[in-house]
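1. Dropping the sequence and predicted coords here.
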Amino acid sequence: MTKKQKKSLTRIIIAALLMIILKFLPAEGWLRFVLYMIPYLVVGYDILRKAFKGILNKQVFNGKNTTTQSVAAWAESGYKSGHLTKTNKPVAHIITHELAHATWNSNLSSPNAKAAGKSVNSLYKKWRADKGKSGYGKYASTNVSEFWAEVCTKAVHGKSDKYTSAAKGIIKKYKL
């Protein structure tokens, strides 16, 4: 193994250990998001640094900015498969989706998250039964947490519908 490979392996192991530790911490909301960014930065800080330099130098798609290209390619393949919600803002969509997980998912234990759980689950059941819905990828139907993240993301970046309006109401009611 080269020195660079050993360094990469060490960073991967550290990030994996941090992910395991974070799984057991009761953090929620923005704190949870920030804490989960730490292992991501441990593994990918050098790539993110190169991407940031490329963006500052107005070279976003120059063949070297692999972060931007990877996200765009991943999103495009997801759209073609019907797995993801269609958007013209894939990076913004991904960030909003992950932030939505920090506001509510089925594993959060705060009083507000628990109280909102009944409303979110009820909305999810109605959504699953609705054969006329549109604008959602298959990913939203995998589980209630992914549904929540997708409906919140659509509320921010997509066309409003009865589910996005209901999600906004849940967010206000339970202060998520």
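-> Now that the structure is in, tell me what you want to look at. Numbers count the residues shown, from 1 in each chain.

2. Now tell me which helix or strand of the chain has the poorest mean pLDDT.
-> helix 66-81 (a mean of 55; mean pLDDT, DSSP states H and E).

3. do you know how far residue 17 is from residue 46?
-> Per Cβ to Cβ, to the nearest Å, residue 17 is found 19 Å from residue 46. For glycine as for every other residue, the C-beta is placed from the backbone atoms N, C-alpha and C.

4. no no, residue 124
-> Applying Cβ to Cβ to residue 124 and residue 46 gives a distance of 39 Å.

5. neighbour count winner among those two?
-> residue 124 (21 against 11; other Cβ atoms under 10 Å).

6. Just the residues contacting the helix or strand where the more buried one lies, thanks.
-> Using DSSP states H and E, residue 124 sits within helix 111-129. Contacts of helix 111-129 with the rest of the structure, by Cβ atoms under 8 Å, 6 or more residues apart in numbering, involve 28, 104-106, 108, 133, 136, 140-141, 144, 147-148, 151, 163, 166-167, 170, 173-176.

7. if we go to 7 Å?
-> 28, 104, 106, 133, 141, 144, 147-148, 163, 166-167, 170, 174-176 (Cβ atoms under 7 Å, 6 or more residues apart in numbering).

8. how far does it sit from the chain's center?
-> Here the centre of helix 111-129 is set off from its chain's centre by 19 Å, with Cα atoms, centre = their mean, to the nearest Å.

9. now do stretch 39-57
-> Worked out by Cα atoms, centre = their mean, stretch 39-57 lies 18 Å from the chain centre.

10. for stretch 2-15, same thing?
-> For stretch 2-15, the distance to the chain centre is 26 Å (Cα atoms, centre = their mean).

11. What lies in contact with it?
-> With Cβ under 7 Å, 6+ apart, stretch 2-15 has contacts from 39, 42-43.

12. before we move on, back to that, what is the mean pLDDT for the helix holding residue 124?
-> Averaging pLDDT along helix 111-129 yields 94.

13. I'd like the next helix or strand past the least confident helix or strand of the chain.
-> helix 90-103.
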